[in-house]
Each structure stands twice: as structure tokens, then as C-alpha cells.
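Asks: Next input, structure requested:
(2 chains)
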Amino acid sequence: MNALSWDLQLLNTLAALLLLLSFAMLSQRRIVALVNMLALQGALLFIATLLLAWRTGDRNLYLSAGLTLGLKVIFLPWLLHRLIRRLGVYWDTEPLLNITGTMLVGVLVVIFSFGLAQPISALASTATRNSIGIAVAVILIAFLTMITRRKAMSQVVGFLSMENGLFFGAMSATYGMPMIVELGVALDVLVAMLVLGVFFFQIREQFDSLDLKNFETLKEDQ
Amino acid sequence: MVFIVLLGAPLLGALTLGMLGGRRWAPEANVGFSLLTFLAACALTARVVAHGNLSVGHEQFFIDAFNVFLVTLTAFVGLTTSLFSRPYMRIEAEHGRVTTTQLRLYHSMYQMFIATMLIALTTNNMGLMWVAMEAATLSTVLLVTLYRTPASLEAGWKYFILCGVGISQALFGTILMYFAAEKVLGSEGVSALLWTHLNSVKSQLEPSVLGLAFVFLLVGYGTKVGLAPLHNWLPDAHAEGPTPISAVLSGLLLNVAMYAVVRCKVLVEGSLQSTLPGRMLMGFGLLSVVLAAFFLWRQRDVKRLFAYSSIEHMGIVAFAFGMGGPVANFAALLHMTVHSLTKSSIFFAVGHATQKAGSQLMDNIRGLITLSPTVGWGLMMGTLAILGTPPFGVFASEFLILTTAMKQQPWATPILLLALGVAFAAIFGRVQSMVFGDTTAKRLPHPPALVPVFAHLGLVLMLGFFIPPYLADWYRAAARLIGGE
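Replies: Numbering: from 1, shown residues only, chains lettered A, B, ... in the order given. Reported below is the predicted structural model:
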């Protein structure tokens, strides 16, 4: 087996760290720490994109690395931290499933993801094709985070982590989407977070908390 | 040029009304921008009819037989809804349910919503389509929560999170599609996501990847169509937002999402050379029809009732597209048109009725016909139309779908008929007691806008008797384009 070049090894390490962070997020209950992990995930993505841009010499990838840095590492975490401070939500309540259980489900999710990504990886011609499975796993674990949380803020962090996974998936499979699409997606994420900021204050005004257990009136058997 | 006006008018409207939307004349300005959009859509249609397909902006946008009629429909319903919203929102403001700032947000986002839908319909780029679909959700989230009631906030949150997660699945599907396309078309430029290019090489696309992509795309866009079991957000969002928004959500957004699903289905079917995508669509469609029909019985809120009816009709459309073939596709397109027209006219009538009764609960709405015969009859006729009674257009399309189902999928026909019967009984009984009997309703400071209600119902009635030849040609061309024999 021939040795991988150092940059590929580094990329694989980054991918592994990304997955590890997803698991850490799955078990983390402090919301501030959750947002920090999200920022770290963004930073890993930024380094990976930069490395890939350098490796392939693709100008678009430099641009999307810059976009990642600005949006996912700096702006969104800053916005979320600000919201946390202004709204005073620091802890999530006990998740719907206990942590050990969630972690076990997470492990199953990873196995499933690699199975799912197998045919895609086999077809891919990119150097990073082995990371596609990791990207799918990050997406699904973020999904799991969203399902098991009760606080609106943690669900949003899960949502953004899912977006990170999607971005990583696009990067590993095809070295990113066309620039116009990436810009559009970034714009959507940005607007979504701004809308959400407004939305959180509305929820707070009504309920005095961001706990989603308040949200159980609209059911069919009322 | 016409195309720039089509997208420019609502975008400019969103900007202008974002600054001045709280003024006294804002509702009229809203109508003005919608009218401009509609005129542009008509001009565009005339051009496409005369000169064939149109491609704009380095092929990023294109108009063919399939999307041009949806563009016109969207612009038309956008216009009539803005007419309806004029007195409706004035009354809401006088009742103190919305402030000037909220009214500004409302008008601006209304135009923005129309713009995003038009972009989603006309873009050739599957990625941009995704971006526009997500933007359409975002522009309506704050409209669903406009009244700031606890229930509306809950509805808005559900709408945001469910559609957000759903649409993320669609993004993954789009990435997979790009991945497969890049192998054939190369990653130079952006042609690998252009639908027209994908369509011309669809048989060379890797089937295993596209099959997987379709699962994600169907789940993603299907959430926005409101296909069961992903429909949870739909009744809440329809019931808790202002009624004009319910009308455009139900009449337009669901159509646009369905359009996205069908565009994807064409590509995937071409690649897979099998009917698997069609079968999946049929399954989701049938489940939606049945589930919605039985949920209809449990509704007490009139807007929720009609929201479930939308799920049912979208299920019928999905089923018809799933069957495929020229007749079923034709019927599905016709059904999309008549459902959109009928359902929005029902929401207009319901909007006036709930304002008169001061409640959305069906038990509190009584004897509309005594106080306002036009609103009462409008609701009654709209209901009869949506339930598929002849001679309305919904009957024609449902009849076509059912007869095709008998030929192609005989097993499904009894299920469909049963669900339609259940839905008929559920809705008709409720509406009858709302329309007739003693009244508790009160007079309102502004006369209701009934032109849109009867204009829509008139069109639906006409489509039941006679489809103008150019419209029929158009449907046929679109049905051929979707293909799937």
C-alpha cells in the first residue's frame, strides 16, 4: 500500500475530527459549548477547504473557504452567542433519550452512513472520496441532535451542523458546488439565522422561555 | 426584457414596500406591483406561445411549456390574492391585530414570496431552484407568525424547522445529482446543474447515484408539497397565519414544490429506465390522500379543514404524476391549475367569513348566507368545486385521473374513490352548517373583495366545460415534456 501524501493525511484527520465533534455535540448539554463546537466545526471545514483549494488550485474553492471563514467561523457563532446572552438560555434540559442511548444510536448511524456512501465513494474521482461517508454521518448525527433536543437553540445548532455536513459532503464528492449555488446557499443560511433571531425574541415574549415543551398545543387530538 | 420585469417587479415591490409598506396606500401599491408581475407573465406567455422555449441569462433561466403555465398561474393568483388582501388586512389593522410595522413586513414579504416562487419556477439551475425554494420558506415564516399568538409562533417554528430539515435533504439530493452529472458534463462552468443539459444526457447519468438522489429530493421537496407523512407543518402554518398567506401557500407554494419534484423525476426516470420514481410518488400520493381524508373528520378550525383538503389534492396530483403517461400528466397539470384556483378562492371566502364571525372555529360560524349572500354562496360553490362535483374543472381532472388509474393501476382506484367519498362527506356537512341557518355574524367596516372569489370560480367552471385549445395544447406539450410513458 502506497503512503498517502501529507495533505491527504491531514484532510483525513480533519474529516475524522469533524465526526468526533459531531459526537461531542450529540452529548453536550451546555448551549454555549455547543455553539463553540459549531464554530470549531466551521474552522475545521475552513482548513479543509483551504487545503483542498491549495491542492487543486481551484479559485472557487478559495472563495468558498473565505465564505466559510466569514459566515461559519465568525459571524454565525457571534450571532448565536449574542442571542444566548440576550435571551439567557445556557442549559438544555435532559435530552429526550439519555446520553448513552443517543451515543449508541449515533454509532449505528455512522455504520449506516458508510454503507450508504459506499457506492458513491466507489464512483467518485476526487482525492477526498473516502470522506463522503463521514459527511453523511455528520449530516445524520446532526439530524439526531435535532430530534433529541428540546430547546429551540440546540435545534438550531443541530440544523447548522447539518448544513456543515452538507457542505463537507459537496466538497468531498465534487470539490464543491458551482459558485452561484454556494453563494445562494450561504445567503439562505444567513437570512435563516436573521429570521430566527427575530423569531426567538417573539417566542420569548410569549412564553418567557425557549423550551419547546410549550409547543404542544397544535395537535390533532385537541 | 419581459423576463426582467417579471422578476424585477416583485423584487422592487419587496424593497419599496419594505420601506413604505405601512403607509395608507400600501395595499394599493401591493396590488400595483402584482398587476405589473401578472402583465409581464402574460407577455412572456404570449412570447413563448409564439416563438417557443426561451432561455435567458446564460441559460440560468429558461421557460418551456411546463413552467410557463405555472408562472402565469402564480402571477394571476398573486394578483387576485393582493386584491383580496386589500380589505382583509385593513380590517385586521382596524381590529388591532396587526400594527403598521407588521403591515410593512407583511407587504414586503408578500412580494418577496412571489418573487422567490417565480425564480424557483423559471430557473434552469437545480441549485438555484433549491435556493429559491428555501427563500420562499424564509419569506413566509415571519408571515405565519404575524399575529404573535402562541399558536402562530408554534406553527411558525414547526414550519421553519420541518421545512428547513426537509429542504436540507433536497440539498443533499441536489449535491448527489451534481456529482453524477459532473461525470458526464464535466465541472467546467456550471452546466452540470442546468436542467436542460441534464435532461439531454439523462440516460448516461449513473443510475445508482440518481436513485439515491431521488429519495432525498422527494423527501425534501415532498415536505414542502405537504405529502404525508411529512405534512405536519402544513395545517398549522395555514391555520395560524393571515388568510391571504394561507391562500398563496396552498394555491401556489405547494404547486411550485410539486413542480420541483416533477422536474427531478423526469431526470431520474430517464437515468434509471424504470418506473421506481413513479411508484414512490404514487405511494406518497396515495398515503396523503387517505390520511388527509380521515384527518378531515377531526377538524374544528375551518382553515385547518381546508389545509387538509390541500394535502389530499396534492396527494392526488402526486399520484397522477406517479402514474405517468400523457393522459395522467395532462390530468395532473389540469388538477394543479384548478386546485390552485379553487382553493385560493375558498380561502378568500373563508377569510371574510372568519372576520365576520370573529372566529375560525366552525362551530362559531353560522348562517353566512343571511348576512352576506355573496360570501356564503362563494364558500358553498368553492366547496362544491373542490369536492369534485360536476360541472367544475376539478371534476374533469379527477375523472381523468380516476379513469386512468382504472386502466393502469386498478388496485388504487377503490382506495382513491373511498378517500374522495370520505372527504366529500366530511367537508360538505361542515360547510353546509356554516353557510345556512341562523347567523351570528356581524358587519365589517370594509366591503369584502369578492371579485377574486368569483373570478377564480368562473375560471374553474369554464375549465370544467371547455379547455381553450391553446391551453390544451400547452398542457399536452407539458405532459409530453414530463413524459414517462
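Asks: Make sure A:Ala48 is actually in contact with A:Phe168.
Replies: Yes: between A:Ala48 and A:Phe168 a contact is recorded at 7.3 Å, counting by Cβ atoms under 8 Å. Every C-beta, even on glycine, is put in place using the N, C-alpha and C of the backbone.
Asks: Between those two, which contacts overlap?
Replies: A:Ala15, A:Leu18 (Cβ atoms under 8 Å, 6 or more residues apart in numbering or on different chains).
Asks: check whether the lowest-mean-pLDDT helix or strand in chain A contacts chain B.
Replies: Ranked by mean pLDDT, DSSP states H and E, the weakest helix or strand in chain A is helix A:179-207, scoring a mean of 82. Yes: using Cβ under 8 Å from any Cβ of the partner chain, we find that helix A:179-207 touches chain B at A:179-181, A:184-185, A:187-188, A:191-192, A:195-196, A:198-199, A:202-203, A:205-207.
Asks: Sort out which residues of that helix are buried, please.
Replies: A:181-186, A:188-189, A:192-193, A:195-197, A:199-200, A:202-204, A:206-207 (16 or more other Cβ atoms under 10 Å in any protein chain shown).
Asks: Helices along chain A, start to end?
Replies: A:6-27, A:31-56, A:59-68, A:76-87, A:99-123, A:132-148, A:152-174, A:179-207 (DSSP state H).
Asks: Now do the buried residues in the fourth one.
Replies: Residues of helix A:76-87 classed as buried under the neighbour-count rule (16+ other Cβ under 10 Å) are A:Leu76, A:Pro77, A:Leu79, A:Leu80, A:Leu83, A:Ile84, A:Leu87.
Asks: quick one: the fifth one and A:Met153 touch, right?
Replies: Yep, that's A:Leu83 we're talking about. Yes: using Cβ under 8 Å, A:Leu83 is in contact with A:Met153, at 7.3 Å.
Asks: any common contacting residues for the two?
Replies: A:Phe200.
Asks: Show me what from the stretch 1-150 of chain B comes close to chain A.
Replies: B:60, B:125, B:127-128, B:130-131, B:134-135, B:138, B:141-142, B:145, B:148-150.
Asks: Just the buried ones from those residues, in PyMOL syntax?
Replies: Buried residues among the residues of the stretch 1-150 of chain B next to chain A (16+ other Cβ under 10 Å), as a PyMOL selection:
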select buried, chain B and resi 60+125+127+128+130+131+134+135+138+141+142+145+148
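Asks: out of the residues of the stretch 1-150 of chain B next to chain A, which are inside helices?
Replies: Using DSSP H, the residues of the stretch 1-150 of chain B next to chain A in helices are B:Gly127, B:Leu128, B:Trp130, B:Val131, B:Glu134, B:Ala135, B:Leu138, B:Val141, B:Leu142, B:Pro150.
Asks: Spit out the contact partners of the third one.
Replies: Applying Cβ under 8 Å, 6+ apart to B:Trp130 gives the contacts A:Val181, A:Gly184, A:Val185, B:Ile167, B:Ala170, B:Leu171, B:Thr174.
Asks: need these in JSON lines with distance to B:Asp236, can you?
Replies: Shown next, in JSON lines, are those (distance: Cβ to Cβ, whole Å):
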{"residue": "A:Val181", "distance to B:Asp236": "31"}
{"residue": "A:Gly184", "distance to B:Asp236": "28"}
{"residue": "A:Val185", "distance to B:Asp236": "26"}
{"residue": "B:Ile167", "distance to B:Asp236": "17"}
{"residue": "B:Ala170", "distance to B:Asp236": "21"}
{"residue": "B:Leu171", "distance to B:Asp236": "24"}
{"residue": "B:Thr174", "distance to B:Asp236": "27"}
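Asks: Which of the helices or strands spans the closest residue in space to B:Phe436 that isn't next to it in sequence?
Replies: Counting by Cβ to Cβ, 6 or more residues apart in numbering or on different chains, B:Phe436 lies nearest to B:Ile369, which is 5.9 Å off, once chain neighbours are set aside. Assessed by DSSP states H and E, B:Ile369 sits inside helix B:368-371.
Asks: Can you point out the buried residues in the following helix or strand past that helix?
Replies: Going down the chain from helix B:368-371, the next helix or strand is helix B:373-386, by DSSP H and E. For helix B:373-386, the neighbour count (16+ other Cβ under 10 Å) marks B:374-386 as buried.
Asks: cool, and stretch B:22-33?
Replies: B:Gly22, B:Ala26, B:Pro27, B:Ala29, B:Asn30, B:Val31, B:Phe33.
Asks: show me the contacts for the residue nearest the centre of chain A.
Replies: In chain A, the C-alpha nearest the mean C-alpha coordinate belongs to A:Ser161, at 1.4 Å (Cα atoms, centre = their mean). Counting by Cβ under 8 Å, 6+ apart, A:Ser161 touches A:Ser22, A:Met25, A:Leu38, A:Gln41, A:Val138, A:Ile141, A:Ala142, A:Thr145.
Asks: So it versus chain B, what's the distance?
Replies: 11 Å (Cβ to the nearest Cβ, to the nearest Å).
Asks: What pLDDT does the model give that residue?
Replies: On the pLDDT scale, A:Ser161 is placed at 91.
Asks: for B:Leu400, same thing?
Replies: So B:Leu400 comes in at 91 (pLDDT).
Asks: That one - nearest residue in space that isn't next to it in sequence?
Replies: B:Ala331 (3.6 Å).
Asks: Burial check on the one you found, number of neighbours?
Replies: 28 (other Cβ atoms under 10 Å in any protein chain shown).
Asks: Which helix or which strand is home to it?
Replies: Judged by DSSP H and E, B:Ala331 forms part of helix B:326-357.
Asks: circling back to that earlier point, may I ask which two of the contacts of A:Ser161 are separated the most?
Replies: A:Leu38 and A:Ile141 (13.0 Å; Cβ to Cβ).
Asks: shared neighbours, the two?
Replies: Contacts common to A:Leu38 and A:Ile141, judged by Cβ under 8 Å, 6+ apart, are A:Met25, A:Ser161.
Asks: out of those two, which sits in the busier spot?
Replies: Relative neighbour count places A:Ile141 above the other of A:Leu38 and A:Ile141, with 27 against 24, counting by other Cβ under 10 Å.
Asks: tell me the contacts of the more buried one?
Replies: Per Cβ under 8 Å, 6+ apart, neighbours of A:Ile141: A:Leu19, A:Ser22, A:Phe23, A:Met25, A:Leu26, A:Gly106, A:Val109, A:Val110, A:Ser161, A:Gly165.
Asks: Out of these, the closest to B:Met1 would be?
Replies: A:Gly165 (42.1 Å).
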